[in-house]
Each structure stands twice: as structure tokens, then as C-alpha cells.
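Undergrad: Got a sequence here, can you build the structure:
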Amino acid sequence: MAGIDVASVPTWYLERAINDTVPGLQNFVRDLWLTPSQLTRYEVGSVLRSPGPVEATSRVGGMRTSHRIAILSNHMADLSALTEEDWGLHAAASGSRFQVVDVSEHAGKTQITLLHLPDDERWRLFDGVGLSVIDDLVPGIRECFAAKCVQEPIAAVSSDEW
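TA: Below you'll find the predicted structure:
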């Protein structure tokens, strides 16, 4: 789906969408194994929609898998009180949309960084459009990934139950 003509959108509407999306971003992760063909779905700039809820953790440590999805969000639901485990469990609603902002590799591991888009029609404003404020975060996100991916995994969020 092609993005909308951003030039025709009122400035106040664009500003509100960005102000509702960017401030207070937190990093949530989900580690998984992806095949090379699955990895091709994550093209920088593309917008993906999740058919179901997306679970991730606020506890970021080492990896026992080959791939990490890093979600930058300010509106994931905190579900940590619903479990006795110390998972730092958070979730994005079914149908959430995410923009791929970076794909990077370090020490044989790959991180895919996603921006959690608004849960209403404003997500369309981000389709095919990059934000310099997000681009400015990418070097720091890569540094954090490089430092974390070589650490020991956090047992609670690398267990089979997680």
C-alpha cells in the first residue's frame, strides 16, 4: 500500500501524530529464530501489520537465538502484573502496525528494529516516510545491541515458557 501524500496533510495533524508516536519511546525485545526467507520481509522503510498481539519484554540481555526484534514504542500494554514470572511482559494489540527502521548484524546475530505506529488511521502517515528523529536513534540502538547480544541471556526471558 502506498503512503498518503504527506504534503496535503495539515501540519498540525502531522505534528500530533509524531508527538503521539515518538516521545517516551521504550525498547522492548523478542528473540526468535528466522529463516533467510522470513528475514527478507523486514525491509527498512516498510510497514508491517501483526495479525495477533505482539508480546515482548522490557528486559534486554543476551541472546540464545539468531534474531532479535527490537520494538520502539510508547504504547505497549504492561502485562507484567498478570504473570508470576519476572518477564517484563508487554504487548502490542492485535492488528498493530510497525515500521522497519533498521536491520543490523553483530557477532552472527541480527536485530530488526521496529517503530510501533499509532493504532488508528494515522499509521498511514508513516508509510514510506522516515523520521530523522528516529534515524538519529539508530546508531545508539546498534551500539546497545552489540553490547547486549554478546552478554549472557536473561534466564527468565530465554526459557521455553517465555
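
Undergrad: can we go C-alpha only for contacts and neighbour counts from here?
TA: Will do.

Undergrad: residue contacts, the most centrally placed residue in the chain?
TA: In the chain, the C-alpha nearest the mean C-alpha coordinate belongs to residue 71, at 1.8 Å (CA atoms, centre = their mean). Residue 71 makes contacts with 26, 27, 28, 29, 113, 114, 115, 116, as judged by CA atoms under 8 Å, 6 or more residues apart in numbering.

Undergrad: did I read that right, it in a strand?
TA: Yes: counting by DSSP: H, G, I helix; E, B strand; the rest coil, residue 71 falls inside a strand.

Undergrad: for the chain, which strand is longest?
TA: Under DSSP state E, the strand in the chain containing the largest number of residues is strand 97-106.

Undergrad: Who are the packing partners of the following helix or strand past that strand?
TA: The helix or strand immediately downstream of strand 97-106 is strand 109-116, counting by DSSP states H and E. Secondary-structure packing of strand 109-116 (3 or more CA pairs under 8 Å, 6 or more residues apart in numbering; DSSP states H and E): strand 67-73, strand 97-106.

Undergrad: Determine the angle, from 0 to 180 degrees, between the last one and strand 109-116.
TA: Spelled out, it's strand 97-106. When axes from the mean of the first three to the mean of the last three CA atoms, to 10 degrees is applied, the directions of strand 97-106 and strand 109-116 differ by 160 degrees.
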